[in-house]
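> take a look and give me a structure for this.
(chains A and B)
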Protein chains: 2
Amino acid sequence: VAPASLDVAGSPGSPGRLIETDALVIGAGPVGLWQVFQLGLQGISAQVIDALPVPGGQCAQLYADKPIYDIPGLPVCSGRELVDRLLQQTRPIAPVFHLGQTVATLQAQDDGRFAVTTSTGQQWLARCVFIAAGVGAFLPRPLNLPEAERHQGRQLFYQAPPTGLAGQQVVVVGGDDAALQAVITLATLAAPARPASVLLLHRRAALDAEPALLQQWQALLSQGSARFEVGQIVALESSAAPGAPLVALQVVGADGAQRRLPVDSLLVLLGLSPKLGPVAQWGLALQRRQLLVDAAHFETSTPGIYAVGDVVSYPGKKKLILCGFHEATMAAFAALQRLRPDEPTLLQYTTTSTRLQQRLGVVADTTPATAEPGPGD
Amino acid sequence: VAPASLDVAGSPGSPGRLIETDALVIGAGPVGLWQVFQLGLQGISAQVIDALPVPGGQCAQLYADKPIYDIPGLPVCSGRELVDRLLQQTRPIAPVFHLGQTVATLQAQDDGRFAVTTSTGQQWLARCVFIAAGVGAFLPRPLNLPEAERHQGRQLFYQAPPTGLAGQQVVVVGGDDAALQAVITLATLAAPARPASVLLLHRRAALDAEPALLQQWQALLSQGSARFEVGQIVALESSAAPGAPLVALQVVGADGAQRRLPVDSLLVLLGLSPKLGPVAQWGLALQRRQLLVDAAHFETSTPGIYAVGDVVSYPGKKKLILCGFHEATMAAFAALQRLRPDEPTLLQYTTTSTRLQQRLGVVADTTPATAEPGPGD
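Predicted structure coming up:
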């Protein structure tokens, strides 16, 4: 990582002020949340970034309702329950979440801090960075056509229905809950806001959605409020008008025949796909797309940047949540030593340490706000 | 560890038959229980030894009712609750517990297995041993007098009241729940079984026991059914009769004056004290009484003997329960490689693996009992 400078005053039009922090955690999955908790126990407050609009990462996205059996002390819990429990546990630590944004750049500064920016333009100066990015940021799976990018944000959208589709021919691509929910929302809008037509396009006839949504969907189909086509988009057709707007989709059906579907707005809801993204370009030592760390401090090849959870590799590494909990704990101790080198890294227990219990809000904090309490209790 | 031979048929008078096992876990604290769980997930059934009469170790002994705040996903739970949760989680694995016994000997055999015996004479031949002994076996804190050992088991006892104390002068030493409970039990026995006198001896006037016990104790005191003395035993007085039986205690009170307390039976209930015991003599590499392990396999200096939890040392080691969970998990993977070198160590997830779910009993096991299922699901 080459040292570089950053406009600490914020560039014009940047929506976020510059935030200075001791710890910046990238990833709000279970391990990122536990990183925040362990930092909090060490008296280090953290800022957390995640690509998703809610905390929980893979756990909340891929197995929200599926059972996990190997979290110690929880004989069975769903991904969502685990995330909820960790959020509850982390609450006294009061981390600041910055959701729905991905890290764009990270650059080491001359003063040893790291300048970090995200896709929303938010900027940080962090003394330590913790990468708990799992298999990467969960981003919408894009439409894999070269001309897609040109229409994105104007006629092609990767999120739940935008407003302003009144009277339009809308095509929703996808076959899961999110796609069906979008169709239902659009097709049941009151008259002035309602699109002229709503068509669901999916690569096969079978949809993978909740029974309640499938039932509403069937009702809309029988009423003629929505239509369904099986097929895959092979090309986007633009008109010769100024700006070359999207006018139709070229679609190949199961029969191999190509059809033309007129479209004003295209909603692509093909699910989320993890993407390691710029992390891979930060000059940190990698091995098969995993960040190399040492098993004592969980520090990457750049001192001050730690990495934990599924994104890391070290001898014996197992991609299990409970191992990530250990890794985040060790990284928090290592960071304490970096941030407060003069403070003895005394191992304290939440069961007996008044200091830790104050940080958890379970006993009253009687220390003056301006003075750091001594290491003993 | 020098190879040695063991009478695999069992020595005469040995209470236990010889048990052959793939995995022997020493210590049934939280980390020992998690070791059993993780071995079970790997399809390895385990035998578990603990010095205490119940599983739970330090967690159950030292902070059964105290809150723990840093188990991931459990914002707060008592030591007892954590143990109960782990026991419930471990149930499908069906480990065999051998409680109330301490490991006496461990010797490597020529065939690579380990011969282990405990204080009750039980014998094992284990292919892998997992030391999850924490700070050691929790054994009754002994009366620190040279002549104490000679009376032990005849007139001096380290456990709850033995039978056959009718008509005797009984002295109970201690000031906690266990000591008070013993006094109450003895002083409220029906007439023929009741001791002639029950005296509680404690080093200070304040007792550290539950309010309900203190209330019963006060009632016995006012009725004259029990007596109380503050003082410490400085000598045990024996008579000149055959066998030199114990006849009195020499006690120094808070005033510094020495008194003589006649006694027939002495119950010493001074709490439990951890003792690493013979583990330290097995020739395993130690550092400041911790077993040295590598952070990838958690193997000691003797291949096939793993160690996890508070008993181990490795770079960065933190004595936290959640770190022990990670260590036990890693050791289970390492042991699988030792026990089944031909089986690919494929990381499977409890959320998605039918094989793991069969082992947990959450889906029916449809594989024939004689055939080991393939690694894929």
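
> which parts of the stretch 151-300 of chain A are helices?
A:177-187, A:211-223 (DSSP state H, counting those that start in this stretch).

> which parts of the last one are buried?
For helix A:211-223, the buried set under the neighbour-count rule, 16 or more other CB atoms under 10 Å in any protein chain shown, comprises A:Leu213, A:Gln216, A:Trp217, A:Leu220. For the C-beta atoms, the positions are set from N, CA and C on the backbone; glycine is no exception.

> next, count neighbours for the residue of the stretch 151-300 of chain A found nearest chain B.
Residue nearest to chain B within the stretch 151-300 of chain A (CB to the nearest CB): A:Ala296, separated by 3.3 Å. By the measure other CB atoms under 10 Å in any protein chain shown, the count of residues near A:Ala296 is 15.

> A:Gln122 too?
21.

> one more: A:Thr163?
7.

> shaky segments in chain A?
A:1-16, A:345, A:365-377 (pLDDT under 70).

> do that again at 80, thanks
A:1-16, A:160-162, A:277, A:343-346, A:364-377 (pLDDT under 80).

> where do the strands sit along the stretch 251-377 of chain A?
A:258-262, A:265-268, A:272-275, A:286-287, A:290-292, A:305-307, A:312-313 (DSSP state E, counting those that start in this stretch).

> now the ones you listed as a markdown table including distance to chain B and mean neighbour count?
A markdown table is the format used below for those (distance: least, CB to the nearest CB, whole Å; neighbours: other CB atoms under 10 Å in any protein chain shown):
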| stretch | distance to chain B | mean neighbour count |
| --- | --- | --- |
| strand A:258-262 | 36 | 14 |
| strand A:265-268 | 27 | 23 |
| strand A:272-275 | 16 | 17 |
| strand A:286-287 | 15 | 14 |
| strand A:290-292 | 13 | 20 |
| strand A:305-307 | 12 | 27 |
| strand A:312-313 | 12 | 22 |
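
> the residue in the stretch 51-200 of chain A that chain B sits nearest to: neighbour count?
The minimum distance from the stretch 51-200 of chain A to chain B, using CB to the nearest CB, falls at A:Tyr69 (3.7 Å). Around A:Tyr69 sit 21 other residues, with neighbours defined as other CB under 10 Å.

> next one: stretch A:293-301 to chain centre, how far?
23 Å (CA atoms, centre = their mean, to the nearest Å).

> whoops, I mixed them up, stretch A:148-157
22 Å.

> give me the buried positions along that stretch.
For stretch A:148-157, by 16+ other CB under 10 Å, it's A:Ala148, A:Arg150, A:His151, A:Gln155, A:Leu156, A:Phe157.

> nearest residue to the last one other than its sequence neighbours?
Closest residue to A:Phe157 apart from its sequence neighbours, by CB to CB, 6 or more residues apart in numbering or on different chains: A:Leu267 at 5.3 Å.

> who's the one you found bridged to?
A:Phe157, A:Val172 (DSSP bridges).

> the biggest helix by length in chain A - contacts with which helices or strands?
Taking DSSP state H as the criterion, chain A has its longest helix at helix A:321-339. Other helices and strands packing on helix A:321-339, by 3 or more CB pairs under 8 Å, 6 or more residues apart in numbering or on different chains; DSSP states H and E, are strand A:18-26, helix A:30-41, strand A:123-131, strand A:305-307, helix B:321-339.

> of these, which is nearest A:Thr329?
helix A:30-41 (4.8 Å; CB to CB).

> related to what we said a few turns ago, ok, now which ones touch the residue nearest to A:Phe157?
A:Phe157, A:Gln159, A:Pro161, A:Val170, A:Val171, A:Val172, A:Val173, A:Gly174, A:Ala179, A:Ala182 (CB atoms under 8 Å, 6 or more residues apart in numbering or on different chains).

> go with 6 Å
For A:Leu267, the contacting residues are A:Phe157, A:Val172, A:Ala182, by CB atoms under 6 Å, 6 or more residues apart in numbering or on different chains.

> what's the burial count for the residue nearest to A:Ile68 when sequence neighbours are not counted?
Nearest-residue entry for A:Ile68: B:Thr351, 5.3 Å, with adjacent residues in sequence omitted and distances by CB to CB, 6+ apart. B:Thr351: 17 surrounding residues under other CB under 10 Å.

> B:Thr351 is in contact with A:Asp70, isn't it?
No - with contact defined as CB atoms under 6 Å, B:Thr351 and A:Asp70 do not form a contacting pair (8.8 Å).

> quick one: buried residues of the longest helix of chain A?
A:321-336, A:338-339.

> returning to that earlier point: just give the nearest non-adjacent residue to the residue of the stretch 51-200 of chain A closest to chain B, would you?
B:Thr350 (3.7 Å).

> how about the one you found, phi and psi?
phi -60, psi -20 (degrees, to the nearest 10).

> check contacts around it.
Taking CB under 6 Å, 6+ apart, one finds A:Tyr69, A:Asp70, B:Leu356 in contact with B:Thr350.

> now A:Arg113
Taking CB under 6 Å, 6+ apart as the definition, contacts of A:Arg113 comprise A:Leu125, A:Arg127.

> how about a cut-off of 8 Å?
A:Leu125, A:Ala126, A:Arg127.

> keep only the buried residues of helix A:211-223 that also lie close to chain B.
Among these, proximity to chain B is found for none (CB under 8 Å from any CB of the partner chain).
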